[in-house]
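A.B. asks: Okay, structure incoming, though there's no sequence with it:
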């Protein structure tokens, strides 16, 4: 997530809880949740306010996104790397990590036969 997306996310929060936001807020939130995908953070905010009247904080967004990613991995097992990587442990691990990351991000894992 970038600074503009963080500001947009804070704007969405303000629509629910009427918070005042400014550049310092966006910078602070970006520092804590900037590594999260915007779409997941946006879903986390909407889900939060669908369930509670409590004001959302960065830790709430992180926890909800973490749960979303874990659920994606639970529903979509990481496929085994291609057989040609079996003799290259580092490439094998890289392929597994990349596959898991993509699944958690809601994307398709790398195609069999490719390492990216």
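C.D. replies: Arrived safely. Keep in mind that what you see is a predicted model, and the values were worked out from it rather than measured.

A.B. asks: Touching, residue 10 and residue 29? I think so.
C.D. replies: Yes: assessed by Cβ atoms under 8 Å, residue 10 is found in contact with residue 29 at 6.2 Å. For glycine as for every other residue, the C-beta is placed from the backbone atoms N, C-alpha and C.

A.B. asks: list the contacts for residue 1?
C.D. replies: Residues in contact with residue 1 (Cβ atoms under 8 Å, 6 or more residues apart in numbering) are 9, 30, 33-38, 41.

A.B. asks: How about residue 33?
C.D. replies: Residue 33 neighbours (Cβ under 8 Å, 6+ apart): 1, 6, 41, 58, 61-62.

A.B. asks: Mind checking which of the contacts of residue 1 are in helices?
C.D. replies: 9, 30, 33, 38, 41 (DSSP state H).

A.B. asks: Tabulate these (CSV), appending pLDDT and distance to residue 83.
C.D. replies: Converted to CSV, these look like this (pLDDT from 0 to 100; distance: Cβ to Cβ, whole Å):
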residue, pLDDT, distance to residue 83
9, 98, 43
30, 97, 42
33, 97, 39
38, 96, 37
41, 98, 38
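
A.B. asks: What are the buried residues along the longest helix along the chain?
C.D. replies: In terms of residue count, the longest helix belonging to the chain (DSSP H) is helix 58-75. Going by neighbour count (16 or more other Cβ atoms under 10 Å), the buried part of helix 58-75 is 60-62, 64-65, 68-69, 72.

A.B. asks: what does the average pLDDT come to for it?
C.D. replies: For helix 58-75, the mean per-residue pLDDT is 96.

A.B. asks: distance of the residue of the chain most remote from its centre from residue 81?
C.D. replies: For the chain, the largest distance from the centre (Cα atoms, centre = their mean) belongs to residue 87, which lies 32.0 Å off. The gap separating residue 87 from residue 81 is 11 Å, by Cβ to Cβ, to the nearest Å.

A.B. asks: Equivalent analysis for residue 106, please.
C.D. replies: From residue 106 to residue 81 the distance is 21 Å (Cβ to Cβ).
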